[in-house]
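Asker: need coordinates for the following:
(one chain, ligands or ions: 1)
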Amino acid sequence: MRLKDKVALITGVGSGIGRESALLFAQEGAKVVGVDLNPEAGEKTRQEILQAGGQALFVQADVSRAAEAERMVKAAEEGFGRLDILFNNAGISHAQDDDAIHTTEEVWDLTFQVNVKGVFLGCKYGIPALRRAGGGSVINTASFVALLGAATPQLAYTASKGAVLAMSRELAVIHAREGIRVNALCPGPLETELLMKYLNTPEKRQRRLVHIPMGRFGQAKEIARAALYLASDESSFVTGSTFLVDGGITAAYVTPE
Ligand code: NAD
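Answerer: Next up, the predicted model:
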């Protein structure tokens, strides 16, 4: 029960990391406010939490819209009385995201709206709520691509995750003396919908796997466990970190055969 009596707002609970984190956080005693653009998927996660005996609300919202981000935070405070953990996790990876020559302005803008502005707005409305609760933990999902370049380009996505990493670091410094910790969670490539919809052939998967020392993609559950650590008081001296959970990808030059 590492999150006993804590209220956790998690965005992107309809799938992947957000979904696994919502289930795990609830299992560890948190009251979960799940947010997603997709109402069916988000409601399904909520139902699973309730069936397991946990407590959860679901709020359908687009994190890139200020009024909706404000509403999701309000729902946490009205529903469960406070906010202790803010997990800005929702993000997109656009199918037409490419290199500088081929990425359109529309794809660039949409990616930044969700991945960067969405995290900013979560913090804009969420941090005052954490202050009202006397402190808390913010986890922003960046990515290993904030640190590594790839010749399989997704330029808007990569730049957006660099922005999340830099934003999280500065927020950590600003709020360090208020009992608010801010960390950037940087997952390696995962076997979730976001990535697997593109890596639809063994060749495409192998093009990536050769660079991962562990020789496999990560599971959303493995990232949820790292998020649980950052959310809980066990990480009480961890703030401003680039929290890599990447199967060793950022440590590698030549990987094992
Ligand atoms: P996913 O696609 O499985 O799930 C993302 C969820 O976010 C979906 O349920 C979707 O409906 C929701 N969402 C999308 N846009 C939204 C919006 N505007 N408002 C509210 N909800 C919205 O993705 P995932 O793999 O679990 O990724 C979660 C986070 O982890 C993202 O920020 C992603 O960039 C990051 N990440 C993923 C990987 C990977 O390999 N999958 C690696 C590093 C980082």
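
Asker: all helices of the stretch 1-150 of the chain, in order?
Answerer: 16-27, 39-51, 66-80, 105-112, 118-132 (DSSP state H, counting those that start in this stretch).

Asker: and the residue nearest the centre of this protein?
Answerer: The structure's the chain has its C-alpha centroid closest to residue 89; by Cα atoms, centre = their mean the separation is 2.3 Å.

Asker: most packed of the helices of the stretch 1-150 of the chain?
Answerer: Each of the helices of the stretch 1-150 of the chain was scored by mean neighbour count; the highest is helix 16-27, a mean of 26, by mean count of other Cβ atoms under 10 Å. Quick note: C-beta positions are derived from backbone N, CA and C, even for glycine.

Asker: next, the angle from that helix to helix 39-51.
Answerer: Orientation note: helix 16-27 sits at an angle of 20 degrees relative to helix 39-51 (axes from the mean of the first three to the mean of the last three Cα atoms, to 10 degrees).

Asker: tabulate the CA atom coordinates of helix 16-27 in PDB.
Answerer: Provided in PDB are the C-alpha atoms of helix 16-27 (Å, rounded to 0.1, in the frame of the first residue of the first chain):
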ATOM      1  CA  GLY A  16      -0.400   1.400 -22.300                       C
ATOM      2  CA  ILE A  17       1.500   3.100 -19.500                       C
ATOM      3  CA  GLY A  18      -1.400   5.200 -18.200                       C
ATOM      4  CA  ARG A  19      -3.700   2.200 -18.000                       C
ATOM      5  CA  GLU A  20      -1.100   0.000 -16.200                       C
ATOM      6  CA  SER A  21      -0.200   2.800 -13.900                       C
ATOM      7  CA  ALA A  22      -3.900   3.400 -13.000                       C
ATOM      8  CA  LEU A  23      -4.300  -0.300 -12.100                       C
ATOM      9  CA  LEU A  24      -1.100  -0.400 -10.100                       C
ATOM     10  CA  PHE A  25      -1.600   2.900  -8.300                       C
ATOM     11  CA  ALA A  26      -5.100   1.800  -7.300                       C
ATOM     12  CA  GLN A  27      -3.800  -1.600  -6.100                       C
END
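
Asker: touching the ligand at all, it?
Answerer: Yes - Helix 16-27 lies within reach of the ligand by Cβ under 6 Å from any ligand atom, at 16, 17, 18.

Asker: next one: stretch 157-177
Answerer: No - shown here: stretch 157-177 not in contact with the ligand (Cβ under 6 Å from any ligand atom), separated by at least 6.7 Å.

Asker: next structured bit after the lowest-mean-pLDDT helix or strand in the chain?
Answerer: Comparing every helix and strand of the chain by mean pLDDT, DSSP states H and E singles out helix 193-196 as the least confident one, with a mean of 87. Next in sequence after helix 193-196, counting helices and strands by DSSP states H and E, comes helix 202-209.

Asker: how far does that next one sit from its chain's centre?
Answerer: The gap between where helix 202-209 is centred and where its chain is centred comes out at 24 Å by Cα atoms, centre = their mean, to the nearest Å.

Asker: packing partners for the next helix or strand after it?
Answerer: For helix 202-209, the following helix or strand on the C-terminal side (DSSP H and E) is helix 220-231. Counting by 3 or more Cβ pairs under 8 Å, 6 or more residues apart in numbering; DSSP states H and E, the packing neighbours recorded for helix 220-231 are helix 16-27, strand 85-88, strand 136-141, strand 180-187, strand 242-245.

Asker: can you do 10 Å?
Answerer: Judged by 3 or more Cβ pairs under 10 Å, 6 or more residues apart in numbering; DSSP states H and E, the packing partners of helix 220-231 are strand 7-11, helix 16-27, strand 85-88, strand 136-141, strand 180-187, strand 242-245.

Asker: what's the mean pLDDT across that helix?
Answerer: For helix 220-231, the mean per-residue pLDDT is 98.

Asker: what separates the nearest residue to residue 96 once chain neighbours are set aside from the ligand, distance-wise?
Answerer: Residue nearest to residue 96 in three dimensions, not counting chain neighbours: residue 107, with 5.0 Å by Cβ to Cβ, 6 or more residues apart in numbering. Computed as Cβ to the nearest ligand atom, to the nearest Å, the residue 107 to the ligand distance reads 14 Å.
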